[in-house]
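Peer 1: Prediction below, plus the sequence it came from.
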Amino acid sequence: MSYLEIRHLHTHFTKHAGTVFSPRTEVIRAVDDVTLSIEKGEILGLVGESGCGKSTLSRTIMQLIPATSGEVVLAGESLTRLSHHEVRMRRLDFQMIFQDPYASLNPRMTIFSTLEEAMKQRHPNLAKAELYDKIIALMETVGLDPAVMKKYPHEFSGGQRQRIAIARALAPEPKLIIADEPVSALDVSIQSQILNLLRKLRDDFQLTMIFISHDLGVVRYIADNIAVMYQGKIVEYGEAEQLFHHPQHEYTKRLLNSIPKLPASA
Ligand SMILES: Nc1ncnc2c1ncn2[C@@H]1O[C@H](COP(=O)(O)OP(=O)(O)OP(=O)(O)O)[C@@H](O)[C@H]1O
Ligand SMILES: [Mg+2]
């Protein structure tokens, strides 16, 4: 059995359509029979156009949205069958990194307080000295100088803020990280630094990650395997390089063609 197994997962939304005189409801199959598996220490790239269901799939895996049907099994435990209380306890096992770290960090909290709060979720009784040491180690792990721990998010650049958000995601020692477009708002040169950091974290800590992006070029750089999502379904899945060089599905070919190419003389 794989570390994370997603079996025939469906997430449907009901939308009210029609008019006042002839109301009707429409079912949106945001996640439509998705089956995937991820090994421990693997980075799975999830790619597809806006609205294809990437975020809904990740939120369903995290049990933030109830699955309409299907199953999510993490480290041998079926999450779709847990009670509400148990789900809350398990939520620490999943941490997210978002596109806009500025929006996801509390502007009134220093980096130290942000990481302290995140770390205490898992270890509420950690002694002060130990907490301090752990926060210093964590900051160094993500390439931040511990000397800046008393600063606030607005005092950092976009790339540094994303490093803080990554540190906060790692602090509760999650089993799975879901990164939803984590580099899309960053300059290209900063993008590669953050991608390299995520790869290094995977290598050093056997981090398991779902990396979501609309950009197949970015996903190819970081992912071991890639799942291509289209209208709620996984239409193609394969090893990253293989999929990049030999796309099978028409939609994957279209995604590949939409990656901008530099002119040969540039
Ligand atoms: N809470 C909701 N209620 C109703 N429909 C929803 C809800 N959340 C998402 N949807 C619909 O489900 C579909 C998938 O949306 P989702 O946000 O998962 O796409 P996405 O691939 O993450 O897009 P993007 O790349 O823009 O973030 C869309 O048609 C969206 O309108
Ligand atoms: Mg999304």
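Peer 2: Yep, that arrived. Ligands and ions are numbered 1, 2, ... in the order given.

Peer 1: show me what contacts Ile164?
Peer 2: Pro101, Leu105, Ile111, Thr114, Val142, Leu144, Pro153, Phe156 (C-beta atoms under 8 Å, 6 or more residues apart in numbering). Any C-beta I mention is one placed from the backbone N, CA and C, and that applies to glycine too.

Peer 1: and the gap between it and Asp100?
Peer 2: In this view, Ile164 and Asp100 are 13 Å apart by C-beta to C-beta, to the nearest Å.

Peer 1: Then Asp93?
Peer 2: Distance, Asp93 to Asp100, using C-beta to C-beta: 24 Å.

Peer 1: How about Gly41?
Peer 2: 28 Å.

Peer 1: quick revisit: most neighbours among the contacts of Ile164, which one?
Peer 2: Neighbour counts for the contacts of Ile164, by other C-beta atoms under 10 Å, peak at Ile111, which reaches 26 neighbours.

Peer 1: Test my guess that it contacts Pro146.
Peer 2: No - counting by C-beta atoms under 8 Å, Ile111 does not reach Pro146; the two are 9.2 Å apart.

Peer 1: list the residues that contact both of those two?
Peer 2: Overlap of the contact sets of Ile111 and Pro146 (by C-beta under 8 Å, 6+ apart) consists of Met139.

Peer 1: Flag the shaky bits of this protein, pLDDT-wise.
Peer 2: Scanning the chain for pLDDT under 70 picks out the ranges 260-266.

Peer 1: Near ligand 1, which residues of it? Just list them.
Peer 2: Residues of the chain lying near ligand 1 by C-beta under 6 Å from any ligand atom: Phe13, Ile28, Ala30, Gly48, Ser50, Gly51, Cys52, Gly53, Lys54, Ser55, Thr56, His214.

Peer 1: Would you format the residues you listed as JSON lines with secondary structure, distance to Arg168 and neighbour count included?
Peer 2: Putting the residues of the chain next to ligand 1 into JSON lines (DSSP: H, G, I helix; E, B strand; the rest coil; distance: C-beta to C-beta, whole Å; neighbours: other C-beta atoms under 10 Å) gives the following:
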{"residue": "Phe13", "secondary structure": "strand", "distance to Arg168": "30", "neighbour count": "13"}
{"residue": "Ile28", "secondary structure": "strand", "distance to Arg168": "32", "neighbour count": "15"}
{"residue": "Ala30", "secondary structure": "strand", "distance to Arg168": "27", "neighbour count": "22"}
{"residue": "Gly48", "secondary structure": "coil", "distance to Arg168": "27", "neighbour count": "25"}
{"residue": "Ser50", "secondary structure": "coil", "distance to Arg168": "26", "neighbour count": "7"}
{"residue": "Gly51", "secondary structure": "coil", "distance to Arg168": "28", "neighbour count": "12"}
{"residue": "Cys52", "secondary structure": "coil", "distance to Arg168": "28", "neighbour count": "22"}
{"residue": "Gly53", "secondary structure": "coil", "distance to Arg168": "26", "neighbour count": "23"}
{"residue": "Lys54", "secondary structure": "helix", "distance to Arg168": "22", "neighbour count": "24"}
{"residue": "Ser55", "secondary structure": "helix", "distance to Arg168": "19", "neighbour count": "19"}
{"residue": "Thr56", "secondary structure": "helix", "distance to Arg168": "23", "neighbour count": "21"}
{"residue": "His214", "secondary structure": "coil", "distance to Arg168": "24", "neighbour count": "16"}
